[in-house]
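**Student:** Okay, structure incoming, though there's no sequence with it:
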């Protein structure tokens, strides 16, 4: 179904890519699952190898680490008066 699937790397993982699964050595009829290891990254500080899947778990209530929060520049207008009046939101 999907021709390309990008691997999401968690923000706390960094280092040198050691191994990437490319499907070599298979007959082409096998399907990869979400929890199969597709990438291995070696941490430069500790030397530990972190295995990455096609997904990673991140709790909804925990914000992503960012350097700074950008200020909103313009209002987000949905076109629905009730939503725009009761739940104003900012674009940006």
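**Tutor:** Received, thanks. Please read these numbers as outputs of a predicted model, since none were measured by experiment.
**Student:** what's residue 17 sitting at in phi/psi?
**Tutor:** phi -80, psi 120 (degrees, to the nearest 10).
**Student:** And it, how close does it get to residue 7?
**Tutor:** 10 Å (C-beta to C-beta, to the nearest Å). Using the backbone N, CA and C atoms, a C-beta is placed for each residue, glycine as well.
**Student:** same deal with residue 35?
**Tutor:** 13 Å.
**Student:** Likewise for residue 47?
**Tutor:** Counting by C-beta to C-beta, the gap from residue 47 to residue 7 is 21 Å.
**Student:** Spit out the contact partners of residue 14.
**Tutor:** Residues in contact with residue 14 (C-beta atoms under 8 Å, 6 or more residues apart in numbering) are 41, 43, 44.
**Student:** Tell me, how many residues neighbour the second one?
**Tutor:** What it means is residue 43. 13 (other C-beta atoms under 10 Å).
**Student:** got a list of what it touches?
**Tutor:** 13, 14, 15, 49, 50.
**Student:** what sits against the fourth one?
**Tutor:** For residue 49, the contacting residues are 18, 40, 41, 42, 43, by C-beta under 8 Å, 6+ apart.
**Student:** phi, psi of it?
**Tutor:** For residue 49, the backbone dihedrals (degrees, to the nearest 10) come out as phi -100, psi 130.
**Student:** can you confirm residue 83 is in a strand?
**Tutor:** No. Read with DSSP: H, G, I helix; E, B strand; the rest coil, residue 83 is helix and lies in no strand.
**Student:** measure it to residue 91 for me?
**Tutor:** 14 Å.
**Student:** higher neighbour count, these two?
**Tutor:** Between residue 83 and residue 91, residue 83 has the larger neighbour count (other C-beta under 10 Å), namely 13 against 9.
**Student:** quick one: contacts for the more buried one?
**Tutor:** Taking C-beta under 8 Å, 6+ apart, one finds nothing in contact with residue 83.
**Student:** Restricted to strands, list the contacts of residue 43.
**Tutor:** In this view, the contacts of residue 43 that belong to strands under DSSP state E are 49, 50.
**Student:** tell me which of the contacts of residue 43 is nearest to residue 22?
**Tutor:** Ranked by distance to residue 22 (C-beta to C-beta), those are led by residue 49 at 17.7 Å.
**Student:** This completes my enquiry, with thanks.
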